[in-house]
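Engineer: Any chance you can model this:
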Amino acid sequence: INLDFKKIKNTNLLHHINTAISENVLQKVSTQVTQIPADISLHPMVKKLLDNRIAMANNKLGIDYGMAETLAYGSLLLEGINVRLVGEDTVRGTFSHRQAAIHDTNRDDLLDNAYIPLQQLGQENNTQFNIYDSILNEECALGFEYGYSTINLNDLVIWEAQFGDFANGAQVMIDQFITSGEAKWGILSKLVLLLPHGYDGQGPEHSSARLERFLQLSAQNNIQVIVPSTAAQMFHALRRQALVGFIKPLIIFMSKKLLRYKEATSSIKDFTSGGFQVVIADTLDFIANQQNATQTIERILICTGQVYYDLIAFRSQHEINNVAIIRIEQLYPFPMEQLITELKKYTNINSVAFVQEEPYNQGAIVQIADTINAVCNTVFTNSKVQFDIVSRPSAAAPATGITKLHKEELDSILDRAFLL
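Structural biologist: Model prediction:
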């Protein structure tokens, strides 16, 4: 293994690096993954997906999560980094967003004759793109990928849970090895766990990837825990993991809702500049264009994940102009300095609230409430500034699984967030 151990000693997991790619690289990858051999008969849904990706590359559509992932993998292959992605239904993507393998619908031997565009790109550049559908045995599958990642430290190795809660069956691997292997035995790993997570009115077992468990296991810079809210953030997070000097596992809580959500797509310039943002400021026009906006804002909402889009939709619908919304994209290591810098922009604050869609006894707030409270006390010396928590009520199960109750709970969250 060829490693620079001076870089590995750099444990600043909040260090910002530029992970952008050139537009030439973006176009090269886009062309490779959308030009399918003429003798392959495409499924109509796959053809539409590829047509959309062509439009994305031509700046006619926003780039979605599936395309962002593809651009990250393709660009890394061009830079000499192997990519390995394993999980149940991962080749297609549980939510049909990936379609990494193209099948000829006129053939019966689909599994033996898949065309994998990224594999072709890798072969042309002496790198490997390997993607596999795994068996229904999370402990076994995740254990293998962890072991593989410890002896292939230069590769980007990803294990994806079909739904985030599927990681429950692999909890012993997470507890005993992934989060503590370095502390106990000095074993290094850059394994990525890709865990779908989000409250969309589905049942308890398809809502939560148990964010609170991973934050409880976070200490001594052992792992990274992120919740990317845009396609470009997903892209930069994957490239950051492959390119930075430090070697730590990365846990990505990926929203199912945002995979095709128009507001969560990104433009080409978001991929050709910048890097992963651990904190995202309020970027809405009403704040950017409002004179003395930092003085007129009286309440700040801090959130993570897809609830951000519920909050901005509610704020727009009700024409609320005195509330700012800040996203925390990296929950561990917690970006305290970056959050302090952002909060200091506002000088007339009465209250700050952390808003989450999970129940009160679950989600991020279980572990970060004291940290955010300390940040607020540092920034707002006025004792009149209150810190609130807005969430679903404490619950034994992650979600109700009843659409009506789910909506009632979400409506309550939004009303309380904006003090209505």
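
Engineer: So which elements touch the host helix or strand of residue 354?
Structural biologist: Taking DSSP states H and E as the criterion, the element that holds residue 354 is strand 351-359. Judged by 3 or more C-beta pairs under 8 Å, 6 or more residues apart in numbering; DSSP states H and E, the packing partners of strand 351-359 are strand 299-303, helix 307-317, helix 365-379, strand 386-392, helix 403-417. Yep, even glycine has a C-beta here, placed from its N, CA and C like the rest.

Engineer: what residues does stretch 125-140 touch?
Structural biologist: The list of residues contacting stretch 125-140 from outside it, by C-beta atoms under 8 Å, 6 or more residues apart in numbering, reads 73, 76-78, 80-91, 100-101, 116, 118-119, 121-122, 141, 161, 166-170, 172-173.

Engineer: what about it, average pLDDT?
Structural biologist: The average of the pLDDT scores along stretch 125-140 is 91.

Engineer: End to end on it, go ahead and measure it.
Structural biologist: The straight-line separation of the ends of stretch 125-140 (C-alpha to C-alpha, to the nearest Å) is 32 Å.

Engineer: Distance from it to the middle of the chain?
Structural biologist: Distance of stretch 125-140 from the chain centroid (C-alpha atoms, centre = their mean, to the nearest Å) equals 20 Å.

Engineer: Also stretch 175-190?
Structural biologist: Averaging C-alpha coordinates over stretch 175-190 and over its chain gives two centres that are 22 Å apart (C-alpha atoms, centre = their mean).

Engineer: thinking again about what came up before, restricted to buried residues, select the contacts of stretch 125-140 in ChimeraX.
Structural biologist: Selection of buried members from the contacts of stretch 125-140 for ChimeraX, criterion 16 or more other C-beta atoms under 10 Å:
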select :73,76,77,78,81,82,83,84,85,86,87,88,90,91,100,101,116,118,119,121,122,141,161,166,167,168,169,170,173
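
Engineer: Looking at the contacts of stretch 125-140, which are in strands?
Structural biologist: 83-87 (DSSP state E).

Engineer: next one: phi and psi at the residue nearest to the spatial centre of the chain?
Structural biologist: Central residue of the chain (C-alpha atoms, centre = their mean): residue 228, 3.3 Å from the mean position. Dihedral pair for residue 228: phi -70, psi 130, per degrees, to the nearest 10.

Engineer: for the residue nearest to it when sequence neighbours are not counted, what are its contacts?
Structural biologist: Residue nearest to residue 228 in three dimensions, not counting chain neighbours: residue 234, with 4.6 Å by C-beta to C-beta, 6 or more residues apart in numbering. Shown in contact with residue 234 (C-beta under 8 Å, 6+ apart): 65, 68-69, 72, 228, 252, 254.

Engineer: where does residue 234 land in three-state SS?
Structural biologist: When classified by DSSP: H, G, I helix; E, B strand; the rest coil, residue 234 comes out as helix.

Engineer: Likewise for residue 331?
Structural biologist: Under three-state DSSP, the three-state class of residue 331 is strand.

Engineer: I figured it hits residue 368, correct?
Structural biologist: Yes. Here residue 331 reaches residue 368: they are 6.5 Å apart, a contact under C-beta atoms under 8 Å.

Engineer: Spit out the residues that contact those two alike.
Structural biologist: With contacts defined as C-beta under 8 Å, 6+ apart, the residues shared by residue 331 and residue 368 are residue 215.

Engineer: neighbour count winner among these two?
Structural biologist: Remark: of residue 331 and residue 368, residue 331 carries more neighbours, 25 against 20, as counted by other C-beta atoms under 10 Å.

Engineer: what's the closest non-adjacent residue to the more buried one?
Structural biologist: Excluding its sequence neighbours, the residue lying closest to residue 331 (C-beta to C-beta, 6+ apart) is residue 225, at 4.6 Å.

Engineer: now what about the host helix or strand of that neighbour, what contacts it?
Structural biologist: With elements delineated by DSSP H and E, residue 225 resides in strand 224-226, which encompasses its position. If you take C-beta under 8 Å, 6+ apart as the criterion, strand 224-226 is touched by 13, 211, 214-215, 218, 237, 241, 248-253, 276, 329-333.

Engineer: Which ones among those map onto helices?
Structural biologist: Residues of these located in helices (DSSP state H): 211, 214-215, 237, 241.

Engineer: quick one: which of these is nearest residue 191?
Structural biologist: Nearest to residue 191 among these, counting by C-beta to C-beta, is residue 241 at 9.5 Å.

Engineer: what's near enough to touch that closest one?
Structural biologist: Residues in contact with residue 241 (C-beta under 8 Å, 6+ apart) are 156, 190, 192, 224, 250.

Engineer: try 10 Å
Structural biologist: For residue 241, the contacting residues are 19, 72, 76, 156-158, 190-192, 224, 226, 247-250, 252, 276, taking C-beta atoms under 10 Å, 6 or more residues apart in numbering as the criterion.

Engineer: In a markdown table: the helices and strands packed on strand 351-359, plus mean pLDDT.
Structural biologist: As requested, those are exported to a markdown table (pLDDT from 0 to 100):
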| stretch | mean pLDDT |
| --- | --- |
| strand 299-303 | 96 |
| helix 307-317 | 96 |
| helix 365-379 | 92 |
| strand 386-392 | 94 |
| helix 403-417 | 96 |
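
Engineer: So which of these is nearest residue 337?
Structural biologist: helix 365-379 (9.4 Å).
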